Structures are given as structure tokens and as C-alpha cells.
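1. Got a sequence here, can you model it:
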Amino acid sequence: MLPTLRQLLVFKTVVEQGSFRKSADVLNTSQPALSNSVKALEDVLGTPVFFRTTRSVELTAAGTALYTRIDQIFEMVETATLEARDAADGKGGRLRLSYVDFAILGGLPDVLENFRSENPKIQIDMGFARTLEQIEKMQKGQIDIGFIFDMDTPLPPDFNRLVFSVEGLAAVVPRTHRLAKRATLELAELKGEPIIAGDARWERYTDMVNEHCIARGFSLEISQRAYLRDEMLSLVLGGMGVLIYPNCIMNAARFGLRAIPVSDIDDVIMTSLIWRSDSANPIVAPFVEAVRKSSSTVFDTK
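-> Now for the predicted structure:
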């Protein structure tokens, strides 16, 4: 059993006023009611908080220990109350967000900057997760918003989807590569090149790229695999092969490398925002609206 806020307020007032009579006037109550509140507090604590005399009250050791924390307790209650009100108004609270690399390397940072500038009290907890992991986490209530690599990905019926971006492909090569000075290239020009690809966790993306290669008469010749984008770029820098990545790779400038757009590939990489239609988090709706306003490329779909 814990003390009530009323009991703690009475205790704080008695300490600061120095008497039960003055405290009763401040709190607009009777002295017997005040005494009952203090007695109830002492019953909860299992020890007296005051030494009472006819003229004054003095703190016991337990009362002193409690009073040293009293302002902190009420400050925390006030903060929690304000945060709850802000959250209800969509001005505060917390948003849990996951993303794939294509989103965080693309337009997501601009969305976050704009949203946080207009909602500085909202805390955003972010983390990287693969598409299927995001869907699972959202089903379990572990995230509120997800940015997924979307290839007509099946979603549960209570999920909403908003296409966030669509983009083409680029080839990342060392500056000494035979194609490094080209402004653009066609995918077939990478025939025979050793390719840096993602590991098994990138299978859907790699298969999609390979389908475009097969349509042009060749298959990817994968020389090395890695999980993280920076690992892949380091392998390219080390002369181990060429990386085929969405155009957002242009935002990851790295000395010694060049990213060259693939001119004969349309916008085939789609990143979508997902959220639950039954989400109880009041911040989800204004965040989704902020994403809608952030780019002319977004559109709703199922």
C-alpha cells in the first residue's frame, strides 16, 4: 500500500506551515481531518513522521527522509499530468518507429526534422528492423509506425499502408572502375561484373534486382555478401565488386566511390509507411499526416 497524493500534500503543508492549525487554513479543511490524513500516512509508513507538541511539530527521522523527496514527487506528478494532457492533444508523448535502410537513407530524416520542429515535446524512439520484423513487432504492439521495403507485401487487415517513396537503382563503383566517369549506365553494362549483395536477409531485394538482370540476358554474379550497407560499401571500396542499390545511395557519399544511376530501370523500389488502424497512440495520426504533407509521391493503398 502506498500513500495517497492527498496524504503527501497534507504532510508537505504541515511541514512548511509549521502547525496543524495554519495548515488547516491553507488547505481549507478542519484540524481533525488534517490529523486523520497524517495518521493514515503514518499507518502506511509504519512509523510516525512528526513529533507533536502543543506549539509546533517537528520531523522524525522518517519524516525528514520523506520530506527530502516530497518536491521531487510532486514535480514528477505534475510532469506526468502535463505529458498526459499533451499526448491527448497530440502535442506530447512517445512514438515508437522502425525503418528499413532505404527509408532512413532517403526522405525519412527530413520528415523527422519537420515533425519534431512542430512537436518538440514528442519523444521518438527509433530502431532499424527488416520489413517482416516490423510487421511482427506492430502486431505485438511493440512499435507504432513502420517504414518497410514494400513489394506488394501482404499486411494484416487492421494495418494501413501509405507509399512513402519510389525510386530507381544506382551502381556503386570505385573511382578507378571503367564506368566511374559515366553520368548514367544501363543495367546490362554490369554483365560479368562481380556483385556485392546482401546476405540471406536481403533475399527479396536481391531476387528483384536479378529478375531485371535476367530480363536483359544475364544473371547477377555475386562475389561477396554482407548485411550492413556500410559493409557493402567497404567491399566495393576494396575492389571486391559492384553494388547495385536504390538511388537513395546517392545520399551516402563516401570518398573513393561513385554512385551512377541506372538509366533503363524505372522507379521499382517502393518504401511504405505502415500503422495499425486501431492504434491507441494519439501521435500516430498527426505523424501520418506529416508524412502525407512531406512529399508529392505518397499515396494510400491497400
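
2. helices or strands next to the longest helix along the chain in the packing?
-> The longest helix of the chain (DSSP state H) is helix 61-88. Contacting helix 61-88 under the criterion 3 or more CB pairs under 8 Å, 6 or more residues apart in numbering; DSSP states H and E are the following elements: helix 5-17, strand 92-99. Where C-beta positions appear, they are placed from N, C-alpha and C, glycine not excepted.

3. Could you list which residues are in contact with residue 10?
-> Contact analysis of residue 10 by CB atoms under 8 Å, 6 or more residues apart in numbering lists 23, 27, 34, 37, 38, 41.

4. Now the element after whatever helix or strand the third one lives in, going C-ward?
-> Mapping residue 34 onto the secondary structure by DSSP states H and E places it in helix 31-45. If you walk from helix 31-45 toward the C-terminus, the next helix or strand you reach (DSSP H and E) is strand 50-52.

5. quick one, what contacts residue 138?
-> Residues in contact with residue 138, defined by CB under 8 Å, 6+ apart, are 144, 146, 159, 274, 275, 276.

6. returning to that earlier point: now tabulate the helices and strands packed on helix 61-88 in a markdown table and tack on mean pLDDT.
-> Shown next, in a markdown table, are these (pLDDT from 0 to 100):
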| stretch | mean pLDDT |
| --- | --- |
| helix 5-17 | 94 |
| strand 92-99 | 90 |
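
7. sorry, back to before: can you say which two of the contacts of residue 10 are spatially most distant?
-> Across these, no pair lies farther apart than 27 and 41, at 14.1 Å, counting by CB to CB.

8. And those two? Which one has more around it.
-> Neighbour totals were compared for residue 27 and residue 41, and residue 41 leads with 21 against 17 (other CB atoms under 10 Å).

9. Pull up the gap between that one and residue 73, please.
-> Look at residue 41 and residue 73: by CB to CB, to the nearest Å, they are 13 Å apart.

10. Spit out the residues that contact those two alike.
-> Residues touching both residue 41 and residue 73 (CB under 8 Å, 6+ apart) are residue 8.

11. surely residue 19 meets residue 58?
-> No - using CB atoms under 8 Å, residue 19 is not in contact with residue 58; the gap is 11.2 Å.

12. Return the subset of the contacts of residue 138 lying in strands.
-> Counted as lying in strands by DSSP state E, out of the contacts of residue 138, are 146, 159, 274, 275, 276.

13. between these, which is closest to residue 66?
-> residue 276 (43.1 Å).

14. element containing residue 23, please.
-> For residue 23, the host element (DSSP H and E) is helix 20-26.

15. Which strands or helices does that helix pack on?
-> Against helix 20-26 (3+ CB pairs under 8 Å, 6+ apart) you get helix 5-17, helix 31-45.

16. Compare the ones you listed and give me the one nearest residue 293.
-> Distance to residue 293, taken as CB to CB, is lowest for helix 5-17 among the helices and strands packed on helix 20-26, at 41.4 Å.

17. Check which residues of the closest one are buried.
-> Buried residues in helix 5-17, counted by 16 or more other CB atoms under 10 Å: 7, 8, 9, 10, 11, 12, 13, 14, 15, 17.
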